[in-house]
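# this one's sequence-less:
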């Protein structure tokens, strides 16, 4: 994690869920989506993505399945219906929070 | 494949249970293949993959800290003060020492409860050993059986169903339900 470590810590689950919103991905693609989507600010050690995905899977928010690709097994992760509901809730909460902070930090002149 | 990757995979397999190590290994191989795909040589790709994946101890520790067994153990331990207080109030109020329960049965119950709590404490506080978090898999059904035993014994032996006893039974029923929900996740992980 190169930057914004503390900020990212509280939002990692939501960001991982968001990275899977477009469809199933393997772990490395999730990591790359976070890095590319944050303009390289959120560059997690790849090895920390898998425990987090595993925890989301245990919580029923993500489902993981093994798939065969190029002669090698890959674990593919996708959102479950409950993961989609959680993401929608987190997104709404974040918008409310962000607009409140913006209103305080950048009051209309 | 590079010896560096082989060593890292062997390290993962030593520190993590097979299904977890397999998942982490697939991730490292994806990272390695990504670097090979950028045109890096075998050694260069292996070094870059291992550096990007993260320090072995840190990765194994992260899996341990997020292990379902550790989470379940913390959840069950959190119910301890409430369940303990409710049962203590019910037993003191109902003069449990006069109930027709053999002394040996009381001692065995207390001993097994103590062992279950110790196992949950070890699982809940493990930071580097994934195997220790799996103690929750042993302690969880034991705690479930203890709750069922306590409810059955109290309902059979207590002379009256006081409100404190009802509260203690309700808390234990709640914990049985919690245990029943978390246990299947522990057995598959």
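Perfect, thanks for sending it. Being a predicted model, the structure only gives us computed values, none of them experimental.
# all contacts plus neighbour counts: C-alpha atoms, from now on.
Noted.
# residues contacting the closest residue to chain A within chain B?
Nearest residue of chain B to chain A (Cα to the nearest Cα) works out as residue B:53 at 4.4 Å. Residues near residue B:53 by Cα atoms under 8 Å, 6 or more residues apart in numbering or on different chains: A:45-48, B:28, B:31.
# farthest-apart pair in those, please.
A:48 and B:31 (12.6 Å; Cα to Cα).
# more crowded one of the two?
residue B:31 (24 against 21; other Cα atoms under 10 Å in any protein chain shown).
# now do the contacts for that one.
Listed by Cα under 8 Å, 6+ apart, the contact partners of residue B:31 are A:28, A:46, B:49, B:52-53.
# a strand runs through it, doesn't it?
No. Using DSSP: H, G, I helix; E, B strand; the rest coil, the secondary structure at residue B:31 is helix, not a strand.
# what separates it from residue A:41, distance-wise?
Remark: distance between residue B:31 and residue A:41 (Cα to Cα, to the nearest Å) = 19 Å.
# and residue B:21, by the same measure?
Computed as Cα to Cα, the residue B:21 to residue A:41 distance reads 28 Å.
# next one, pLDDT for residue 76 please.
If you meant another chain, say so; for now it's chain A. Per-residue confidence (pLDDT) for residue A:76: 94.
# I was thinking of chain B, sorry if that wasn't clear
For residue B:76, pLDDT reads 94.
# against residue A:21, how distant is it?
33 Å.
# these two: which is more packed in?
residue B:76 (21 against 16).
# ignoring the adjacent residues along the chain, who's closest to residue 26?
You didn't say which chain, so I picked chain A. residue A:76 (4.5 Å; Cα to Cα, 6 or more residues apart in numbering or on different chains).
# chain B is the one I meant
Nearest one to residue B:26, counting by Cα to Cα, 6+ apart, is residue A:74 at 6.0 Å.
# SS state for the one you found?
strand.
# could you pull up the residues touching the spatially most central residue of chain B?
Nearest to the geometric centre of chain B sits residue B:69, at 2.6 Å (Cα atoms, centre = their mean). Neighbouring residues of residue B:69 by Cα under 8 Å, 6+ apart: B:123-124, B:133-137, B:186.
# let's go with 7 Å and repeat that
B:123, B:133-134, B:136-137, B:186 (Cα atoms under 7 Å, 6 or more residues apart in numbering or on different chains).
# buried stuff in the one helix or strand it maps to?
Using DSSP states H and E, residue B:69 falls within helix B:68-93. Buried residues in helix B:68-93, counting neighbours by 16 or more other Cα atoms under 10 Å in any protein chain shown, are found at B:68-77, B:83, B:86-91.
# ok, now stretch A:33-44?
A:33-34, A:41-44.
# tell me which of these fall in strands.
Applying DSSP state E to the buried residues of stretch A:33-44, no entry is found in strands.
# in the chain, where is pLDDT below threshold?
Since you didn't name a chain, this refers to chain A. A:1-7, A:109 (pLDDT under 70).
# that's the other chain; I wanted chain B
B:1, B:187-189.
# now do the helices in it.
Secondary structure of chain B (DSSP state H): helices at B:3-15, B:18-37, B:42-53, B:56-65, B:68-93, B:103-125, B:130-133, B:135-157, B:163-187.
# winner for burial among those helices?
helix B:130-133 (a mean of 23; mean count of other Cα atoms under 10 Å in any protein chain shown).
# give me the residues contacting that one.
Against helix B:130-133 from outside (Cα under 7 Å, 6+ apart): B:16, B:64, B:67, B:69-70, B:122-124, B:126.
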